[in-house]
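Asks: Would you be able to build a 3D model of this:
(one chain, ligands or ions: 2)
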Amino acid sequence: MAEKKIKTIGVLTSGGDAPGMNAAIRAVVRRGLSSGLNVKGIYKGYNGLLNEEIVDMTAKDVSDTIERGGTFLYTARCAEFRTEEGQQRGAEVCRKHGIDGLVVIGGDGSFAGAQKLANLGINTIGVPGTIDLDIACTEYTIGFDTAVNTAMEAIDKVRDTSTSHERCSIIEVMGRAAGYLAMWCGIANGAEDILIPEKYNYDEEKLISNIIDSRKKGKKHHIIINAEGIGHSEAMAKRIEAATGIETRATILGHMQRGGSPTCRDRVFASMMGAMAVDLLLEGKTCRVVGYQNGKFVDYDINEALAMQKNVDPYMWEVCNSLSHNYSKNDTV
Ligand code: ADP
Ligand code: F6P
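Replies: Ligands and ions are numbered 1, 2, ... in the order given. I've put the predicted structure just below:
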């Protein structure tokens, strides 16, 4: 049976903002318009859908957006959309506004919402947008590249002070329950210790002995990258200072990691993924999520995508540790 032809699509951003989301929206709008579709922008994620904050988009509306951080459609977390009534209403609003295809740019939570809408008959496609890189079906998520570069530059700066004062510095990076930002910064910043929730065994004695060892060897600073998923950096700093006698400070990088102009990689990948989402809708597909695997842009069923597990690459983790402090190959910290 021939698929019903799509005429109007909508686009929204949901969950935490991520640099490159504007590039993805721009691609959805321009690819949609150039394919003869009407495109509607939905403000403030699922909240804006339920409140019908919906506007027609023109090609000009997305001029001068590709270089901007954040999301000009705004984003939100919407508790109501987790309920069946909320989802039913979301589908009704889509029908009322003639939206027969919806592109949802966000993380796993946002995809769960898109899956519910797909079950209610709205064609939906997810585009991975999160600085956390924690979406299992894709090796790339919009915003990670910018965020990890922002964090890396900030950590370089903290390191200058750490060296000048001969301190130990614990620098906490975001990532929710995932340690990708921490692991990448750990490698890129040449950190002495890298703590990620997927691997850390909470052996603080080992951490303390690493710090004492490296001080004995003449190291002027000791940089610990701590993932948000482990957290408690301030308390850790106090314990380390008390145990080592070495002045220790905690720096929590926070939301500065989510902001700023997207890198070239984020702009290009976001543009490709946004365009591909529209192409999938034009092909009559629904309940899919766009991903990047083995050098190719691909798509998966959202149900399958949400069931996938993402694991830290053991080789990358092993290399990461062998380049930090003075680990032996078998250390597991
Ligand atoms: P992310 O999309 O970055 O993972 P969240 O987990 O905060 O961010 O999810 C964003 C929004 O997606 C939530 O505020 C909610 O509106 C919607 N959402 C999350 N989980 C579900 C779910 N299981 N069913 C329906 N909607 C959901
Ligand atoms: O998912 C992106 C992210 O920045 C996570 O790294 C972090 O745990 C969370 O969002 C913070 O959310 P909020 O901005 O609501 O505090």
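Asks: ok and the residue in the stretch 51-200 of the chain nearest ligand 1?
Replies: For the stretch 51-200 of the chain and ligand 1, the shortest gap (CB to the nearest ligand atom) falls at Gly109, measuring 2.1 Å. For glycine as for every other residue, the C-beta is placed from the backbone atoms N, C-alpha and C.
Asks: For that residue, which residues are in contact?
Replies: By CB atoms under 8 Å, 6 or more residues apart in numbering, the contact list for Gly109 reads Ser14, Gly15, Arg77.
Asks: roughly how far is stretch 34-54 from the heart of the chain?
Replies: Distance of stretch 34-54 from the chain centroid (CA atoms, centre = their mean, to the nearest Å) equals 22 Å.
Asks: end-to-end on that stretch?
Replies: For stretch 34-54, the first-to-last residue distance is 20 Å (CA to CA, to the nearest Å).
Asks: re the thing from before, for the contacts of Gly109, give me JSON lines that also has distance to Lys296.
Replies: Formatted as JSON lines, the contacts of Gly109 follow (distance: CB to CB, whole Å):
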{"residue": "Ser14", "distance to Lys296": "26"}
{"residue": "Gly15", "distance to Lys296": "25"}
{"residue": "Arg77", "distance to Lys296": "32"}
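Asks: where along the stretch 151-300 of the chain do the helices fall?
Replies: Secondary structure of the stretch 151-300 of the chain (DSSP state H, counting those that start in this stretch): helices located at 180-188, 204-216, 233-244, 264-282.
Asks: what does the stretch 1-150 of the chain put close to ligand 2?
Replies: For the stretch 1-150 of the chain, the contact set with ligand 2 under CB under 6 Å from any ligand atom comprises Gly16, Thr130, Ile131, Asp132.
Asks: now, among these, which is nearest to ligand 2?
Replies: Once CB to the nearest ligand atom is applied, the member of these that ends up nearest ligand 2 is Gly16, at 3.3 Å.
Asks: how deep is the closest one tucked in, by neighbour count?
Replies: 22 (other CB atoms under 10 Å).
Asks: separation between the residue lying farthest from the centre of the chain and His222?
Replies: Farthest-out residue of the chain from its mean C-alpha position, per CA atoms, centre = their mean: Lys216, at 38.7 Å. Between Lys216 and His222 the distance is 12 Å, computed by CB to CB, to the nearest Å.
Asks: before we move on, the earlier item: quick one: which of the contacts of Gly109 is the most crowded by neighbours?
Replies: Ser14 leads these on contacts (other CB under 10 Å) with 31 neighbours.
Asks: was I right about that one contacting Gly48?
Replies: No. Taking contacts as CB atoms under 8 Å, Ser14 lies outside contact range of Gly48: 9.4 Å.
Asks: Now do the shared contacts for these two.
Replies: The contact sets of Ser14 and Gly48 overlap at Ala76 (CB under 8 Å, 6+ apart).
Asks: quick one: the strands in the stretch 1-150 of the chain?
Replies: Counting by DSSP state E, counting those that start in this stretch, one finds strands in the stretch 1-150 of the chain at the ranges 8-13, 38-42, 54-56, 101-106, 123-128.
Asks: OK, contacts around Tyr292?
Replies: Thr138, Glu139, Tyr140, Phe269, Met273, Val298.
Asks: again but with Gly16, I slipped
Replies: Gly16 makes contacts with Thr75, Gly107, Thr130, Ile131, Asp132, Arg258, as judged by CB under 8 Å, 6+ apart.
Asks: Just flag the most distant two among these.
Replies: Thr75 and Asp132 (14.5 Å; CB to CB).
Asks: Kindly report the residues of the stretch 101-250 of the chain close to ligand 1.
Replies: Gly106, Gly107, Asp108, Gly109, Ser110, Ala112, Gly113, Lys116, Thr130.
Asks: now the strands of the stretch 1-150 of the chain in JSON lines, with mean neighbour count?
Replies: Shown next, in JSON lines, are the strands of the stretch 1-150 of the chain (neighbours: other CB atoms under 10 Å):
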{"stretch": "strand 8-13", "mean neighbour count": "27"}
{"stretch": "strand 38-42", "mean neighbour count": "23"}
{"stretch": "strand 54-56", "mean neighbour count": "14"}
{"stretch": "strand 101-106", "mean neighbour count": "31"}
{"stretch": "strand 123-128", "mean neighbour count": "30"}
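Asks: want to try a markdown table for the ones you listed, with distance to Val62 as columns?
Replies: Listed next are the strands of the stretch 1-150 of the chain as a markdown table, based on distance: least, CB to CB, whole Å:
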| stretch | distance to Val62 |
| --- | --- |
| strand 8-13 | 10 |
| strand 38-42 | 9 |
| strand 54-56 | 12 |
| strand 101-106 | 13 |
| strand 123-128 | 15 |
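Asks: residues in the stretch 151-300 of the chain within reach of ligand 2, list them.
Replies: Met174, Gly175, Arg176, Glu228, Arg258.
Asks: Around the fourth one, how many other residues sit close by?
Replies: Taking other CB under 10 Å as the criterion, the count of residues near Glu228 is 22.
Asks: Equivalent analysis for the third one, please.
Replies: Counted with other CB under 10 Å, the neighbours of Arg176 add up to 17.
Asks: So that it lines up with my notes, have the first residue be 41 from now on.
Replies: Noted, 41 is the first residue going forward, which turns the last one into Arg216.
Asks: Surely it touches Gly271?
Replies: No. Using CB under 8 Å, Arg216 is not in contact with Gly271; the gap is 10.7 Å.
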